[in-house]
Each structure stands twice: as structure tokens, then as C-alpha cells.
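*Asks:* with the sequence up front, the predicted model follows.
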2 protein chains.
Amino acid sequence: MAPRPRLNALRGPLRTLHSCSRAAQAATASLALPATVASSLAAASAGSETTASTTSLNGWIRSVRRQKNVSFAVLSDGSQVGGVQVVLPKGLDESLTVGCAATLKGKWVDSRGAGQDKEFKVESVDFVGESDAETYPMPNTKQGIPLPVMRRNAHLRLRRDGPAAMVRVRSEMNWAMAEHFRRQGFVRVDMPVITSSDCEGAGEVFRVVESSPSSPAPASTAPASSPSPPEPSTAAHPPPPSRYLTVSTQLHLEAITSSLPRAYTLAPCFRAEKSDTARHLQEFWMLEAEVAFLDADTPTALDQVMTVAEETVRAVAGHVKAMPEIERYFAKHSPGLEERLEALLAPERYVRMSYTRAIELLQEHAAANPDAFVFRPTWGSGLQTEHERWLAEEHVKGPLFVTDYPSALKPFYMLPNESSWTVDSSRQTTTCFDLLVPSLGELAGGSLREHRLDKLVAAMDKHGLDRNAYEWYLDLRRYGTTRHGGFGLGWERLVGLLTGENNVRECTVFPRAAEGSRF
Amino acid sequence: MAPRPRLNALRGPLRTLHSCSRAAQAATASLALPATVASSLAAASAGSETTASTTSLNGWIRSVRRQKNVSFAVLSDGSQVGGVQVVLPKGLDESLTVGCAATLKGKWVDSRGAGQDKEFKVESVDFVGESDAETYPMPNTKQGIPLPVMRRNAHLRLRRDGPAAMVRVRSEMNWAMAEHFRRQGFVRVDMPVITSSDCEGAGEVFRVVESSPSSPAPASTAPASSPSPPEPSTAAHPPPPSRYLTVSTQLHLEAITSSLPRAYTLAPCFRAEKSDTARHLQEFWMLEAEVAFLDADTPTALDQVMTVAEETVRAVAGHVKAMPEIERYFAKHSPGLEERLEALLAPERYVRMSYTRAIELLQEHAAANPDAFVFRPTWGSGLQTEHERWLAEEHVKGPLFVTDYPSALKPFYMLPNESSWTVDSSRQTTTCFDLLVPSLGELAGGSLREHRLDKLVAAMDKHGLDRNAYEWYLDLRRYGTTRHGGFGLGWERLVGLLTGENNVRECTVFPRAAEGSRF
């Protein structure tokens, strides 16, 4: 603590320095953020003069080509696909190396080279954040950078066109989704990540423990499907009940639509799966939407939910398709991407087909082509990715909904079909759907929810769930239940579908998958 | 598995039932979602006729008042503050109880009562989701519902006007934030929740363990501030390194702005704090934004970051202030709210004042008013909430930035002020700020980041951090560093500020606080 007399002595100058002078300074200096490369180039290209006034350009140097009297460099700040060419007179180029950050002052002039209308003529180099080109992991090589190097350097890989374009597309997807849902009267809700229960009653979950010196983690683990009650403790306070990372926000979202009939969320979800595939992450983002007050006719109600899912995919895909990143980058790197986007946006409603019909078609195809599938399509078993892709890519050649899966494959909360409208009552099915798309297979899944208290309790008992842990969920059926349903859509999968990227690890900046991460 | 002959026999009828008939049905039935109460009422009010065509209305019954020949009920679906009055002839009212869900068919007619232009005359009750009014926890009592009951019934509390209005405001805040940042050229990024390090190097963190039968949780806990390397193991695979729930996405966000100079996120963050205050949650959402290529002049650069924060608050506050929820609910329940919103939107720039100046003012006030504060304001100590609130509520009467806190109070990654522009070099300060607001205190905090590799390494050593765990973060300074900075803003706190709600537990649907949660 400083003694008071000292403070009094300092008061005058400090006040001037910190309060008045800063305010005065800020009032005169421009606080606007500097223009991006894309916006600066666009402004220059819109102007008719070949030489405009001096301006600043910020970015990272992708390459330097030194000639006798002049050097050419490519500068990028990720604001557009490809960098811009900057021209440096001899002497000014010396501090620029591949990977360095630079603030350059100069003018846009007409370019004499090909491929770019304007180039930036540098007059001074105002700032350089150095980079050792020898060790820089993201050089602008034509042949690309090996995938393991890219993944190890996730913190720098946005210096490359593809990952930067992915981030911009993903950002715009979020915006397009929000615009669409807002127009449809949905509220966006932030859902809890730490939960007291495992939504699906299956699958491996992450458990959360407080990692402070005063509270050691319990040594025992609870099985995922039945959260154990707190054990008796000799301490003054009983240990808190087990807590998990959410695997789906659906149950909680149903609580929202028990008061506000249309709600959605884009939220992180977690599965401690060991599977190391191109389609799975341990941490992923999921779009989930729920709607209450659906039609009294069950097939119509399911159609309503499918329509909500379809319109969401259309809204996001339509917005992304118009982004320059598609034409200028992704379509070049992923043959057939534009056709796939067009199939998502075709005027016809997405095909809707029952699981039973899908199994028939798969069996017919397998009978005619014995080597078509590794897994034999069988009524009662889940569709394999190879089956899903054949249906979307070969049979429908576009997106399709497969509906009414066998109940035995589905979680407790889904509404079963009344046996009266299945032809064979031994084949109990559920009012659910998966949305299958070419190149990927399953993109989204949804269902009507069991809205009747007695039937829901029976389903929980059948699945061996502890009713006490779900009392609040049962309350939603006790106090003003509605016919309702919803769906979940893997956000990284949609990013991959819309950009042609086949591995979900490339659809998020810092993927968490079974192999771990250093970030 | 079903035998093939059986399937073949079923093919015809199944195809008809599941594929063709459903498609035909859907083509004729309307798949549009039903109108909300608000939209239906708005459409009726816009029409000139007193009786329009028959329409459906869905919602939950808040109250029923039975008279001799007719009953009046209030129906709400959370789409607007307050419900609407529905009128039921005798006989139709019998199944309706407080808390039940109902689909009512009828017509909008001019209302003879006060307070509402139109009322809904019910012709039939098409669906009822029952509710036992005796045990229903959310009756529409005038005196309100005790807070403990509200919190225990978070899954039903959106049936009340206040919590439902909060959800709508929070949803619109997300949209207004996204609109604003998009116009400013920022990308929105989804950040990892599971991280390998503790961003701040301090505080209690949650640890994540895989809760599957095959992988028991490690019995030991790592100290929060220094993630321990994996211990040697006798198993074939070494145990995975410790993983934590993120306390801030900032370090990762800096990696984004090392390639794309403007980025933001709205993401869940976690602190295992025991503090049970109205301002803290264990799980909360944080808006974080980072900007690269800031001005070469340090005070100007800090002003740039403060301006980004200020403009974000203004954009969100301006949008919320225009929502009907403010006038129709929150302003009525929180005296002074509209004045506070106006102060956030006043044309003058938010006051910016150094920490040193703030301490002077607090000390002057404490000297003149010995009972003003519990904690004595002292240079070198953090500002207490009582100090922050006095500055915002009494001294400035509006929002203010306090800048340049003592370095000893701040984490390793913040850029220190050069001693040349502090008058007294023993009082080392940091280029940082807190945004303080009336009724709350700290709303946001930000800083310039140490962008120089050698200085950052020295700061990490001084804070006792394991350099190896941050190699990727150091890379951001090795390969093209920029002058950059950013801020974090507690989203629940902003919800509270804009709605007048004083407890962050009321600013999210399912709060996770020290006392635990059954959801």
C-alpha cells in the first residue's frame, strides 16, 4: 500500500497523463480498426483512378520473390481467398520473410501482371512481426502441406486458404441459421454443458470433477447409463452428485418448448467415443431444435418436424452457396461440390422414405450386386454408413429422409408408432427420421417425443433408467404436455457437406478427437 | 432378422403405406407450424372485421375464471408478455385446468373488457395436455412465486412472464451481437470447451475424465495452475494428459486472430468457484473478441479495443431497449432500468479513467465519508464491487472504463505499460481495462496482449507456468506476431444489466452454481 502523501504528490501529473491526455488523444486519433485486405482492394477496384491516396495494408506474408530492382510478395489477412500482390522497391523488402506479419504503407496501382487488377506499391514498412522462414510450419507451397503437419499446427493453419475459408463459411452458417430461425419465430437458447444425467441412456460420457487441491476427485467411476446417487460420506458435506458433459441438449430443450413452443440451440456436445473416424469428434457442436403443438395426425406431425429440418438446411446451404469461398476455393478442391449443393436446394421436397422401404431397396441392390456392401442390410439392424450413402448417392442422388426405424434401435424418449398403422405389429417402429445426404450419410436425426406420462414411464423402466433422475423431465408430461418433436444436426458434418471437406477434423479449428490434442 | 420371403410379401403394401401415401398426404396437408398467440392476435388486430375465420390457438392455461354461463381463461405460449383472454361457453371449459396445454379452435372477436382489444371465442377444444392444478408449481398468482420454488422448477418457470421474457431478450441479444460483429468484419468462431491448459494460470478449474467402465478415473488431481505431464504407466498405452473445462477461450482466440485479424465467440466457460454470489456461476457464457493489427501507439491501441467493447454493448443494448419486453415487463419490475439503458446509449463516449485516478477518487470519497466502503481503496489492491459500483453509480452515473491496473493483479499474457510512461516505475501497470456499469460493477475486462516472444517467456517464467504446455501459444509470437488485444464480457451479466435482473441465476434457464443443480 502506498502512503497517502506520496499519492497526493502524484495526483496532478497522473491525472493529466491518464485521464485528460488520453481522452484528448483519442478524440483526435481515429479509433476505427484498419481496413482488411479484401475491403481495401474492393475500395481501390471501385475507384477509377490508377493511383489513389496512401493507405495501410496489414497481413501475413505468404511468399517473397526477389528480383533485381524490385521484390514481389503475397500478403494475406484471411479476408478473402488468395492474397494480394504487393511490390516493394529494393531495400524495403529486407525484413520481410515468409510467415511474418507486416503493416505496409503504400498505394494501389493498376497491375501489369495477370490474375489481379490491382497491386499494392509499398512506400514504407511500418511494422514487422518476424518469422523464421526456415522453421515456419505453414509455407505457401504449391504441393500443399502434409495433413499431420497441418493438424499439429492447428494454431497456424488458418494462414492457409482452405482452413481460413472454412472459418468464414462456418461463421456465415451460424448467421444464416439464426436469421432463418428468427424469421420462423424460434428463440435461441444457451443450454447447459454440465448435466446431471446422460440424455441418451447409452454411450460413453465424460465426467466432470472439481480439480482443486481441497477436493480430490472420487476414485470410482459411475456407469454412464445410471448416475449413482451420492455415496454416504464421513465428511461434513456429502460429495456432490456425479456430473457429466452433455451428450445432447434435447431433454433440456424439451423443457423450453414446454413454455415457448419453438426453440433451438447451437451447443457443444460431448461423446467419449473411442472411434477414430472421419465422422466423429469427442467434442462437437450440434444444432438442436424442438417444436411443440404439432399436428394431431402422427405422420403429419413427423412431416412437420422434417420440414423444419429441411428448411433449415436449405436456408444455410443457400447462403453458403452464394459465398465467394465456394466458387473461388471449395468447388476447385472438391469435384462435384456445386452439384451436391444444388441437390440440397432443388425445388422438390427432399425424398421421404420409410426404413422398411429403405431396407427393401438395399436388399434388392445387394441381391443384384453381391459385393455392394460389407454389411448385409437386415430389418432390425441400423443402417451402416455404406447403406446410407448408397441410398443418397446412388438411389436418390440427393438428400432423403428415412423414417420409422425399429423401436429397438431408438432411445426411450421417442414416440412409438401405434401398432395399428404398422402392417406387422411384431415390427414395432418409432416416429423418427434420419436425414441422409450424399458423401456423408447421416446429417441429422429427429423424432416425435413420447408425450404421454404413463407411456414414458414404461419406456424408462424398459430401458432400465432411474426414474428419480428424470423427475423434472416427467413433470413436462404431468403439467401441460404437448405433441412435440425435434431434431439434432451435427454442425461439423454440415460444414463438411457444404464445403466438400470429408473429415470433420477439418471442420473445426481445434478438433477434440480420440487421439487427443495439445491445444 | 426377418426371412426374405416375408419381406417380399410385404413390399407392395408397405411401399404404399410408407412412401406414396405419406407423400400424397403431406402434399395436401399444411406442414406450416401453427401461428403463435402473438402472431395470431397481431393478425386479428390488423384486420378490420370483428369476426374473422375460425383459427387455432395453442398455449398453456394460466388461469380459469368460471362464471354462470361462460368461463374466461388466460392462455399463453410465451410469445408475448401476458397471455390472451379466451372465452369458453359452458361445457367446453371443463377439461381446462391451470397449467394444462390446450389447442383451441375459435374466432377473434372485439373484447368488451378492458386491457385487451380482442378476445378469443372458443368453439372447440381440440387437445388438452392435462395438469393437476393442486400440485402445479407455477400458478399465476399475483403475489408471485417464492424464489426457491422458481429455482427448483427451472424446467417450468418459463411459464411465467419474467423468465420467458428473459429467454426472448437473451435470444435477441445473440442476434444483435452477431449482426453488429458481422457488419464490422468479424468472424464468429466456435471454441473448444475441453482444453489442455488453464488459460489464466489461476482459479479453480473443472477436470474432465472419461467415465466408461474400461477407463477408471485417475485418483490423483493435478493442481489447477500447472497441468502435470502424464505419469508413467504399466499399461500398454500411457494415460491421456489431464484435460480441463475452459475458463476462457482467449488464448485459442488469439490463434484465430493470428490469421484472421478480427474474431469473436460466444462460448460456455467454467470456473469451479465456491463463491455463492449473485454475480457468479460455475458455468457461464462469455463473449470474447480479439483484434489484431492495433495501432502502434499503445494508449491508442487500448482505446481501439475499448471502442470495440463499447460499440458491442451499445449495439446489443440498443436492440434490447426497443423490445416490447422492456416496456411491458422489465421496466415495470425494475425501477430505473430505462434510465440505465439510456446511460448505456448516451451519445458521449463512455468515460475512460486510469486505475490510479479511480483509486484517488475512491480515497477522497472514503476520507470524506468514513462509512462509505467496507474495504479501504488502496493502490495495488483490486477494486471491490462496492468500489466499482460507487464509481459507476455515484461518480460517473453511467458506464466507465477503468484502465491500467497494477501488473501484479493481472495474468501473464497482458502487455505491461512501458515504465517510461508511468511516472513512478515502481508502480508497474498493465495496458488493460475493466468496463464498470451501474447496478453490477464489472461487466467486461480486456487488455492488449504481450506480443513480444522474449517478454512473454519472461512473464510465464515469473508466473511459474510450464512453458512446454504453451509452445503453440508462443508460436503465435514466433511466426508473425502482431500488436493485438481483446476483451471478455460475461453474457449473463449483460442479460442482467439489460433486464434489471440482479442475480445471474435468473439470466440463464438452467444455472449451474456452487449449490448444484438437479437438471
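*Replies:* Ah, there it is.
*Asks:* give the closest residue to A:V495 in space, chain neighbours not counted.
*Replies:* A:C507 (3.9 Å; CB to CB, 6 or more residues apart in numbering or on different chains). Every C-beta, even on glycine, is put in place using the N, C-alpha and C of the backbone.
*Asks:* which residues touch the one you found?
*Replies:* Applying CB atoms under 8 Å, 6 or more residues apart in numbering or on different chains, we find A:C507 in contact with A:166, A:170, A:492-493, A:495-496, A:499, A:501.
*Asks:* may I ask which of those comes out lowest in pLDDT?
*Replies:* Of all these, A:E501 has the smallest pLDDT value, namely 93.
*Asks:* am I right that it is in contact with A:P163?
*Replies:* No. Using CB atoms under 8 Å, A:E501 makes no contact with A:P163, being 9.7 Å away.
*Asks:* what touches both of those two?
*Replies:* Contacts common to A:E501 and A:P163, judged by CB under 8 Å, 6+ apart, are absent.
*Asks:* kindly report the domain assignment for chain A.
*Replies:* Per the record, chain A has its domains at A:35-135, A:163-204+A:240-504, by the TED database.
*Asks:* centre of the chain to the last one, how far?
*Replies:* Domain A:163-204+A:240-504 sits 15 Å away from the centroid of its parent chain (CA atoms, centre = their mean, to the nearest Å).
*Asks:* near chain B, which residues of the stretch 401-519 of chain A?
*Replies:* Within the stretch 401-519 of chain A, the positions adjacent to chain B are A:403-404, A:421, A:423-424, A:427, A:451, A:471-473, A:475-483, A:491, A:508-510, A:512, A:516-519 by CB under 8 Å from any CB of the partner chain.
*Asks:* for the nearest residue to A:E283 once chain neighbours are set aside, which residues are in contact?
*Replies:* Nearest non-adjacent residue to A:E283, counting by CB to CB, 6+ apart: A:R512, 3.9 Å away. By CB under 8 Å, 6+ apart, A:R512 lies in contact with A:281-283, B:192, B:194.
*Asks:* my guess is A:M323 contacts A:R170, does it?
*Replies:* No. A:M323 lies out of contact with A:R170 (CB under 8 Å); the separation is 11.0 Å.
*Asks:* now the two most distant members of the contacts of A:C507.
*Replies:* A:M166 and A:R493 (13.3 Å; CB to CB).
*Asks:* where do the helices sit along the stretch 51-200 of chain A?
*Replies:* A:147-152, A:161-183 (DSSP state H, counting those that start in this stretch).
*Asks:* tell me the mean pLDDT over the first one?
*Replies:* Helix A:147-152 shows a mean pLDDT of 90.
*Asks:* show residues contacting it.
*Replies:* A:137, A:157, A:160, A:163, A:505, A:511, A:518.
*Asks:* list the residues that contact the spatially closest residue to A:Q85 that is not a sequence neighbour.
*Replies:* Nearest-residue entry for A:Q85: A:E119, 4.5 Å, with adjacent residues in sequence omitted and distances by CB to CB, 6+ apart. The neighbours of A:E119, taking CB under 8 Å, 6+ apart as the test, are A:84-87, A:108-111, A:113.
*Asks:* where's A:E119 relative to B:L104, distance?
*Replies:* Going from A:E119 to B:L104 by CB to CB, to the nearest Å gives 68 Å.
*Asks:* which regions of the stretch 151-300 of chain A lie under the pLDDT threshold?
*Replies:* Along the stretch 151-300 of chain A, the parts satisfying pLDDT under 70 run over A:198-203, A:211-241.
*Asks:* show me where it has its strands.
*Replies:* Applying DSSP state E, counting those that start in this stretch to the stretch 151-300 of chain A gives strands spanning A:187-188, A:194-195, A:205-211, A:243-245, A:262-270, A:283-291.
*Asks:* against which helices or strands is the second one packed?
*Replies:* What that stands for is strand A:194-195. Applying 3 or more CB pairs under 8 Å, 6 or more residues apart in numbering or on different chains; DSSP states H and E, one finds that strand A:194-195 contacts strand A:243-245.
*Asks:* hmm, the strand it packs on in reach of chain B?
*Replies:* Yes. Shown here: strand A:243-245 in contact with chain B (CB under 8 Å from any CB) through A:244-245.
*Asks:* in its sheet, what does that strand sit against?
*Replies:* strand A:194-195 (antiparallel), strand A:205-211 (antiparallel) (DSSP bridges).
*Asks:* and those, which is most packed in?
*Replies:* Each of the strands paired with strand A:243-245 was scored by mean neighbour count; the highest is strand A:205-211, a mean of 24, by mean count of other CB atoms under 10 Å in any protein chain shown.
*Asks:* hey, C-alpha coordinates of that one in PDB?
*Replies:* Output of strand A:205-211 as PDB, limited to C-alpha atoms (Å, rounded to 0.1, in the frame of the first residue of the first chain):
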ATOM      1  CA  VAL A 205     -19.800 -39.900 -21.400                       C
ATOM      2  CA  PHE A 206     -17.300 -37.500 -19.900                       C
ATOM      3  CA  ARG A 207     -17.500 -37.000 -16.200                       C
ATOM      4  CA  VAL A 208     -16.600 -33.600 -14.600                       C
ATOM      5  CA  VAL A 209     -14.700 -33.300 -11.300                       C
ATOM      6  CA  GLU A 210     -13.600 -30.200  -9.500                       C
ATOM      7  CA  SER A 211      -9.900 -30.100  -9.700                       C
END
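*Asks:* tell me the angle it makes with strand A:283-291.
*Replies:* 110 degrees (axes from the mean of the first three to the mean of the last three CA atoms, to 10 degrees).
*Asks:* now strand A:205-211: how far from the chain's centre is it?
*Replies:* So, by CA atoms, centre = their mean, the centroid of strand A:205-211 is 24 Å from its chain's centroid.
*Asks:* for A:L448, report the pLDDT, please.
*Replies:* Per-residue pLDDT puts A:L448 at 98.
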